[in-house]
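**Q** Give me a 3D structure for the following:
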Amino acid sequence: MILDTLENLGRYASINPLFPKVVEYLNKTNLVAQPDGKVCLEGNSLFANHLTSKGESMEDARLETHSKMIDIQIPLSCAETMGYSPRKSLPQVEYDAQKDVSFYQERPEQYITVHPGEFIVFFPEDGHAPCISNEEKIKKVVFKVKA
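**A** Predicted structure coming up:
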């Protein structure tokens with residue numbers, strides 16, 4: 001997991017060969033003005049999901065992991081709290097290969113608040129419970145990057 005400000009995202013470009021394309025997209029796109037929807041940047045290997053999600057309580061947010069994709073999550077409209085647990089501390093559960101997701105009943109071990117102007121990266125080894133907020137709606141963008 002990585003948490004940092006958007007101005008520093010370029011420092012992490014060497015982690016994955018597709019990260020520079022995320023940086024390029026961020027530099028030329030007004031994220032707040034984008035309508036909800038999926039923008040393919042590199043076929044199924046890299047895309048941006050512009051979303052308006054429902055704010056969840058800590059009790060209702062579900063931990064999830066992905067096996068094939070890395071998430072780069074960027075809240076746009078308000079701060080968003082995200083639960084976190086290392087995947088190695090979570091039990092084996094059913095994996096939906098079509099959607100590349102596993103869901104867990106366990107509560108996160110810790111919580112991290114991410115503000116507009118910041119990003120958080122969740123790798124396949126990172127369990128995360130997004131969209132925790134007192135706000136009714138959260139506008140955000142989630143980049144899905146092939147791991």
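**Q** Lys144 reaches Lys68, doesn't it?
**A** No: using Cβ atoms under 8 Å, Lys144 is not in contact with Lys68; the gap is 9.1 Å. The way it works is simple: take the backbone N, C-alpha and C, and place the C-beta from them, glycine included.
**Q** more neighbours, these two?
**A** Under the criterion of other Cβ atoms under 10 Å, the comparison of Lys144 against Lys68 puts Lys144 first, with 21 against 14.
**Q** Roughly how far does that one sit from Lys88?
**A** 22 Å (Cβ to Cβ, to the nearest Å).
**Q** Ok, Leu46 next?
**A** Using Cβ to Cβ, Leu46 is found at 26 Å from Lys88.
**Q** and these two? which has more neighbours close in?
**A** A count of neighbours by other Cβ under 10 Å puts Leu46 above the other of Leu46 and Lys88, at 23 against 7.
**Q** is that one in a bridge, and if so with what?
**A** Taking DSSP bridges, one obtains Glu42, Val145 as the residues bridged to Leu46.
**Q** isn't it right next to Ile72, touching?
**A** No: contact criterion Cβ under 8 Å: Leu46 and Ile72 do not qualify, at 10.0 Å.
**Q** joint contacts of those two?
**A** Common contacts of Leu46 and Ile72 (Cβ atoms under 8 Å, 6 or more residues apart in numbering): Val22, Phe143, Val145.
**Q** Kindly tell me how buried the last one is, as a neighbour count.
**A** The number of residues packed near Val145 is 24, by other Cβ under 10 Å.
**Q** Could you do the first one as well?
**A** A count of nearby residues for Val22, using other Cβ under 10 Å, gives 26.
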